[in-house]
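Visitor: What would the 3D arrangement of this be:
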Amino acid sequence: MREDGVGWIAVRAESDVDDPLQDLVHLQEGWENLKHSGRAINLETITSLALNNHCTVGKWLFHVEDGFKVDYAWSAIARGVVEGKLGSCAKVSPASKTPDAERRHVVCVYNMNYTNKDEVWLLENAIRHVGIKCPMSYKPDAYTYLGIYRKNKWGLRPTIYHSDFDVSKGSSVIAPCF
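Guide: The predicted structure is shown next:
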């Protein structure tokens, strides 16, 4: 439960390993320098920082209702990750005891390199293959590390792709958000 201090419930693929070269300190130092440099702050400059500091992990994320929907979605996602068929790791937000709390959960499914579009598209397809049909967004972890969220002063969208599933066609429609 959220109120008991549980932030996330997560699973990792056996093959998931942290990049030993990942350097969050230099990523954040580079970010501070970029903000004061007068250079453009956009996806390209942030991606350059991320690549230089080996911070390329990204995630597809989606929201599901409490109860059966989150149970079904999390079961399919967790099983896929553990079986090595779906991303490097995944997490789901926990339930809340508070009666007024929002009854929605966030599910995140990670891949190692957001700059590799083939890898990003393959993960999106694998998520759809396990039965997830709701709208999804893709966010680089570098944005999270740098504190880039909605309505930031640079006008950046914190997600770089959006995916809708077209039931009539049986396929996804993926669009860039930048």
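Visitor: check contacts around the most centrally placed residue in the chain.
Guide: Here the mean C-alpha position of the chain is nearest to the C-alpha of residue 59 (C-alpha atoms, centre = their mean), at a distance of 2.4 Å. By C-beta atoms under 8 Å, 6 or more residues apart in numbering, residue 59 lies in contact with 108, 109, 110, 111, 138, 139, 141. Placement of C-beta: from N, CA and C, glycine included.
Visitor: So what sits opposite it in the bridge?
Guide: Applying DSSP bridges to residue 59 gives these bridge partners: residue 110, residue 139.
Visitor: now it: how far from residue 85?
Guide: Computed as C-beta to C-beta, to the nearest Å, the residue 59 to residue 85 distance reads 17 Å.
Visitor: and what of residue 142?
Guide: The spacing between residue 142 and residue 85, counted by C-beta to C-beta, is 26 Å.
Visitor: Between the two, which is the more surrounded one?
Guide: With neighbours defined as other C-beta atoms under 10 Å, residue 142 and residue 85 compare such that residue 142 has more, 22 against 12.
Visitor: what sits against the more buried one?
Guide: Taking C-beta under 8 Å, 6+ apart, one finds 27, 46, 47, 49, 50, 55, 56, 114 in contact with residue 142.
Visitor: Among those, which one sits closest to residue 15?
Guide: residue 56 (16.5 Å; C-beta to C-beta).
Visitor: The helix or strand residue 165 falls within pairs with which strands?
Guide: Using DSSP states H and E, the element containing residue 165 is strand 161-166. Partners of strand 161-166 in the sheet, by DSSP bridges, are strand 136-140 (antiparallel), strand 171-176 (antiparallel).
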